[in-house]
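A.B. asks: No letters, just coordinates:
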Ligand SMILES: Nc1ncnc2c1ncn2[C@@H]1O[C@H](COP(=O)(O)OP(=O)(O)OP(=O)(O)O)[C@@H](O)[C@H]1O
Ligand SMILES: [Mg+2]
């Protein structure tokens, strides 16, 4: 589904991604792990066209390299942000509209001379919003609420709903559970499993061991901009070099899979 080959990202003299190659299989949930500063967000930025990178990135066999971010969205790539930011007085509906604006724009003459088409489009938009919110476990009643009044866990869910509005084939999530309580994490896990059943492929940056072991089919661990380990989560968590990269010391024990979050060191 997604094939990243030999991706390099440099910021001036800093070589932040060093020849990363990752294959994400269709219909799977693929975890992207690694300590602080190892390059996880940079890799998502490179895939989605937010930072320049060298190498090849194909989605569904189509080359994304060199395309601007909005064209990558049109090709089926959706993403969320580690720290989503939007004006407090923006409504949930406004934010969701951003998620699909590049897919649907009525031409000016339709808006001016065929108002019934605009009204119909507004109705369909409300239906699409309701569907996106429901698919992340939120009530469509939130649509008119301002973002400044919404709890941080729900904001992360709404950011996922925003990304779903573009009907992605592959959804990239950057630490979706940060700021969520256990109950919200359980809802997110159930929703991601349901989305996988619909055929959606997910690439998820995540530190929570319980989340990774419960939903990821495969994981890739980054360290210092390169690939440290790949494989099924339980195998990868047993590796001392992975534990060492996170904890700074290898004691031979695998991390406690019952809900711990791996301590991150730089
Ligand atoms: N725009 C930028 N300009 C310069 N350096 C950057 C830029 N973006 C990221 N970096 C550097 O690249 C490295 C990787 O950062 P990145 O945000 O990808 O890490 P991460 O794995 O997502 O970490 P975290 O777990 O803290 O989110 C860091 O050293 C960071 O300081
Ligand atoms: Mg990050």
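C.D. replies: Yep, that arrived. Please read all numbers here as calculations on a predicted model, not as lab measurements. Ligands and ions are numbered 1, 2, ... in the order given.

A.B. asks: Specify the residue ranges that define each domain of the protein.
C.D. replies: The chain breaks down into these domains under automatic domain parsing: 1-76+168-266, 88-167.

A.B. asks: Might you calculate how far the last one sits from the centre of the chain?
C.D. replies: Think domain 88-167. Centroid separation for domain 88-167 versus its chain: 18 Å, with CA atoms, centre = their mean, to the nearest Å.

A.B. asks: What of stretch 168-181?
C.D. replies: 4 Å.

A.B. asks: Please work out the average pLDDT along it.
C.D. replies: Throughout stretch 168-181, pLDDT has a mean value of 93.

A.B. asks: Quick one: list the elements packing against the one helix or strand residue 42 maps to.
C.D. replies: Assigned by DSSP states H and E, residue 42 falls within helix 40-48. Helix 40-48 makes packing contacts with strand 2-11, strand 14-24, strand 29-33, helix 69-74, strand 77-79, strand 170-174, strand 201-205 when contacts are defined by 3 or more CB pairs under 8 Å, 6 or more residues apart in numbering; DSSP states H and E. Glycine gets a C-beta too; all of them are placed from N, C-alpha and C.

A.B. asks: now the helices: where do they sit in the protein?
C.D. replies: Remark: helices assigned in the chain by DSSP state H are 40-48, 69-74, 92-100, 108-113, 115-135, 152-164, 182-197, 209-215, 233-238, 240-247.

A.B. asks: who's in contact with the second one?
C.D. replies: What that stands for is helix 69-74. Residues from elsewhere that reach helix 69-74 (CB atoms under 8 Å, 6 or more residues apart in numbering): 47-50, 59, 64, 102-103, 166, 168.

A.B. asks: One more pass at 7 Å, please.
C.D. replies: 48-50, 64, 102-103, 166 (CB atoms under 7 Å, 6 or more residues apart in numbering).

A.B. asks: Now do the contacts for the residue of the stretch 51-200 of the chain found nearest ligand 1.
C.D. replies: Nearest residue of the stretch 51-200 of the chain to ligand 1: residue 82, at 5.7 Å (CB to the nearest ligand atom). Residue 82 makes contact with 41, 174-175, according to CB under 7 Å, 6+ apart.

A.B. asks: Excluding chain neighbours, give the residue nearest to it in space.
C.D. replies: residue 174 (4.2 Å; CB to CB, 6 or more residues apart in numbering).

A.B. asks: separation between that neighbour and residue 221?
C.D. replies: Using CB to CB, to the nearest Å, residue 174 is found at 16 Å from residue 221.

A.B. asks: Go ahead and confirm residue 242 touches residue 233.
C.D. replies: No: with contact defined as CB atoms under 7 Å, residue 242 and residue 233 do not form a contacting pair (10.4 Å).
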